Every structure is written in C-alpha cells, then in structure tokens.
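Trainee: Could you look at this predicted model? Sequence included:
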Amino acid sequence: MAKGISILHITAAALFIFAVLSFPANADHLANGVKGQWIPPEEDSRLEVYDCGDNRICGRIIWLREPNQEDGTPKVDTLNLNEAERGRPVLGMIFLSDFVLDSNKHNRWKSGKIYNPRNGRLYKATMTIKGDVLKVRGYVGVPLIGETQVWTRVPAE
C-alpha cells in the first residue's frame with residue numbers, strides 16, 4: 001500500500017512540474033490569440049496589438065481613416081493631460097501598454113493601461129478575447145466604473 005501511495009505522489013509531482021514548466025509556453029500561445037489587427041466600433045482606425053516584451057501586450061494605432069488635419073498636416077495628440085506628450089503623431093501612437101495574462105482566466109489580460117486620444121485621458125484597462133472579438137474595458141479606480149468597447153479582428157488576407 002505504501003508503494004502505491006508513493007507512486008501516486010511521484011506521478012502527481014511530475015504532472016505539477018510539467019504544468020509549471022509549460023506555463024510560459026502556454027502563455028505565449030494564449031498571447032498569440034490577442035495579437036493582431038483590430039477595428040474599434042467607430043471603424044475609423046486600425047489597431048495593432050503586439051507583444052512588447054517581458055510577457056506584456058501593447059497596442060498602437062496603425063491606420064486612420066482621416067490621418068491628416070484640415071490643413072493637410074498629420075493629426076497629433078493635442079488633448080493629452082501630460083503636456084510633455086502633446087504634439088506626438090496619432091498615427092503610430094502606442095495607446096495600450098503593460099497588459100499581462102490573467103493566470104486565473106486564460107482569455108483575459110489585466111493590469112494594462114489604455115490612452116484615449118479623443119479625450120487625452122489615460123485609464124486602467126483589461127482585455128477579454130473570445131474568438132475574433134476583443135472586449136477592452138477602460139476604467140478609473142475599479143473596473144465597475146468604466147466603459148467596454150468591442151473590437152473586431154481584421155480578417156487575415
């Protein structure tokens with residue numbers, strides 16, 4: 001009987017070690033699901049979500065329906081509450097940062113930040129993916145006080 005218990009413990013320990021060692025690879029696989037190009041509900045831009053290193057996910061604006069101002073110059077960030085960041089181009093702007101995979105919900109990224117160039121504000125944020133739909137929730141303080149946008153994946157060409 002003691003032999004059976006020790007084999008069971010060894011098997012359980014081996015499975016646990018395997019799961020722990022395979023988590024980084026699994027995290028990479030899950031991050032690939034959120035990476036890619038997305039269209040927000042306004043359909044006036046295209047957004048790229050990418051791996052920005054250290055197991056974090058970021059995003060940048062890669063296309064604008066109207067990339068220029070009325071005078072023909074590129075649109076720039078004029079509303080940023082951080083005056084030092086005003087004047088940077090909107091096209092190419094990194095507006096998502098520091099998202100990490102939620103170890104409890106493998107389709108959710110948490111602890112991120114989202115910058116809204118439409119109002120110049122920076123929010124805490126989470127992202128949840130299901131198929132080709134990405135729900136991005138920006139909030140102040142706690143997620144209960146916030147807004148969710150639904151983005152649609154750009155189909156592969």
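Mentor: Thanks, I have it.
Trainee: contacts and neighbour counts: CA atoms only from here.
Mentor: Noted.
Trainee: Quote the end-to-end distance of stretch 63-79.
Mentor: For stretch 63-79, the separation between the terminal residues is 20 Å (C-alpha to C-alpha, to the nearest Å).
Trainee: How far off centre is it?
Mentor: Averaging C-alpha positions (C-alpha atoms, centre = their mean, to the nearest Å) puts stretch 63-79 24 Å from its chain's average.
Trainee: In that stretch, which residues are buried?
Mentor: Residues 63-64, 67, 75-79 are the ones in stretch 63-79 that count as buried (16 or more other C-alpha atoms under 10 Å).
Trainee: Could you export those as CSV, including distance to Ser45 and pLDDT?
Mentor: Below are the buried residues of stretch 63-79 laid out as CSV (distance: C-alpha to C-alpha, whole Å; pLDDT from 0 to 100):
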residue, distance to Ser45, pLDDT
Trp63, 5, 98
Leu64, 4, 98
Pro67, 9, 97
Lys75, 13, 97
Val76, 14, 98
Asp77, 15, 98
Thr78, 18, 97
Leu79, 18, 97
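Trainee: out of the residues you listed, who's nearest Ile129?
Mentor: Among those, Trp63 lies closest to Ile129 (C-alpha to C-alpha), at 21.8 Å.
Trainee: For beta bridges, what are the partners of that closest one?
Mentor: Here Trp63 sits in beta bridges with Arg46, as judged by DSSP bridges.
Trainee: quick one on the thing from earlier: inside strands: which ones of the buried residues of stretch 63-79?
Mentor: Counting by DSSP state E, those place 63-64 in strands.
Trainee: The protein: strands as residue ranges?
Mentor: Using DSSP E, strands in the chain cover 36-39, 45-53, 56-64, 94-101, 108-116, 121-130, 133-139, 146-153.
Trainee: can I get the ones you listed in a markdown table with distance to Gly87?
Mentor: Shown next, in a markdown table, are the strands of the chain (distance: least, C-alpha to C-alpha, whole Å):
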| stretch | distance to Gly87 |
| --- | --- |
| strand 36-39 | 24 |
| strand 45-53 | 19 |
| strand 56-64 | 15 |
| strand 94-101 | 14 |
| strand 108-116 | 14 |
| strand 121-130 | 15 |
| strand 133-139 | 23 |
| strand 146-153 | 26 |
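Trainee: Figure out which of those is closest to Arg88.
Mentor: strand 94-101 (10.4 Å).
Trainee: With just CA atoms, put that closest one into PDB.
Mentor: Only the C-alpha atoms of strand 94-101 are listed here, as PDB (Å, rounded to 0.1, in the frame of the first residue of the first chain):
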ATOM      1  CA  ILE A  94       1.300  53.400 -28.600                       C
ATOM      2  CA  PHE A  95      -2.000  53.600 -26.700                       C
ATOM      3  CA  LEU A  96      -2.200  50.200 -25.000                       C
ATOM      4  CA  SER A  97       0.600  49.200 -22.500                       C
ATOM      5  CA  ASP A  98       1.500  46.700 -19.800                       C
ATOM      6  CA  PHE A  99      -1.200  44.100 -20.200                       C
ATOM      7  CA  VAL A 100      -0.400  40.700 -18.600                       C
ATOM      8  CA  LEU A 101      -2.200  37.500 -18.900                       C
END
